[in-house]
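*Asks:* Got a predicted structure here, sequence first:
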Amino acid sequence: MFSVDDPYAQGGPPPAPVPIGPRLPWKQLLSGIVLRPADTFLRARDHAVWGPALIVTFLYGLLAIFGFGKDGKETLDPTVSAAAMTAVAFVLGGLILGAVTHTLARQLGGDGAWQPTVGLSMLIMSITDAPRLVFAAFLGAENGLVQVLGWVTWLAAGALFTVMVSRSHDLPWPKALGASAIQLVALLSLIKLGTLQ
């Protein structure tokens, strides 16, 4: 039986979910994504992570321009303005792809909030590609080691996206992977296109 004060009995909205824990400091958030992803994503599901997401993605975009040349000395256009434009493009692209992942997760039955999902998606995108980017800046995008790292980091991104969506939206892993599919394909074709040929 429902009590008189029960919001469901009166047709009211369900109570707001109680956060799993306090907001993670940025150092714990970034290290946790790599070392303790399941616990980190569960604790971060109720908190926006805009600060770390925007800063890390912008810095990644600034450095990304050095990772698309054919060899370690050739880059696309290593000027300040070009790097800044690339950084802004990566931030905007990360926001859009994260929003797509969130929308798909909700359509598949997820119940997570959009701000943590988008922010965590941006962090995953930037952090997982960092090893490939570092080696590509010195060895070139067509180097064999860089290409192997590209595939490995892309698979790692897929695993982290799946865990994040699963924890953030209370979805089983097949649906979580499905919600991440468009973002994964976009990362493969846009970010790693010069590497995975």
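*Replies:* Alright, I've got the coordinates.

*Asks:* ok, and the closest non-adjacent residue to the residue most central in space within the chain?
*Replies:* Nearest residue to the geometric centre of the chain (C-alpha atoms, centre = their mean): S121, 2.1 Å. Distances taken as C-beta to C-beta, 6 or more residues apart in numbering place G98 nearest to S121, at 3.5 Å, with adjacent residues excluded. Using the backbone N, CA and C atoms, a C-beta is placed for each residue, glycine as well.

*Asks:* how deep is the one you found tucked in, by neighbour count?
*Replies:* Look at G98: counted by other C-beta atoms under 10 Å, it has 25 neighbours.

*Asks:* got it, and D111?
*Replies:* Residues lying near D111 (other C-beta under 10 Å) number 12.

*Asks:* just checking, it touches H169?
*Replies:* Yes - with contact defined as C-beta atoms under 8 Å, D111 counts as touching H169 (5.9 Å).

*Asks:* List the contacts of stretch 172-182.
*Replies:* 97, 100-101, 104-105, 108-110, 158, 161-166, 169, 171 (C-beta atoms under 8 Å, 6 or more residues apart in numbering).

*Asks:* Buried residues of it, list them for me.
*Replies:* By neighbour count on 16 or more other C-beta atoms under 10 Å, the buried set for stretch 172-182 is 175-180.

*Asks:* taking the mean pLDDT, what do you get for it?
*Replies:* Stretch 172-182 carries an average pLDDT of 96.
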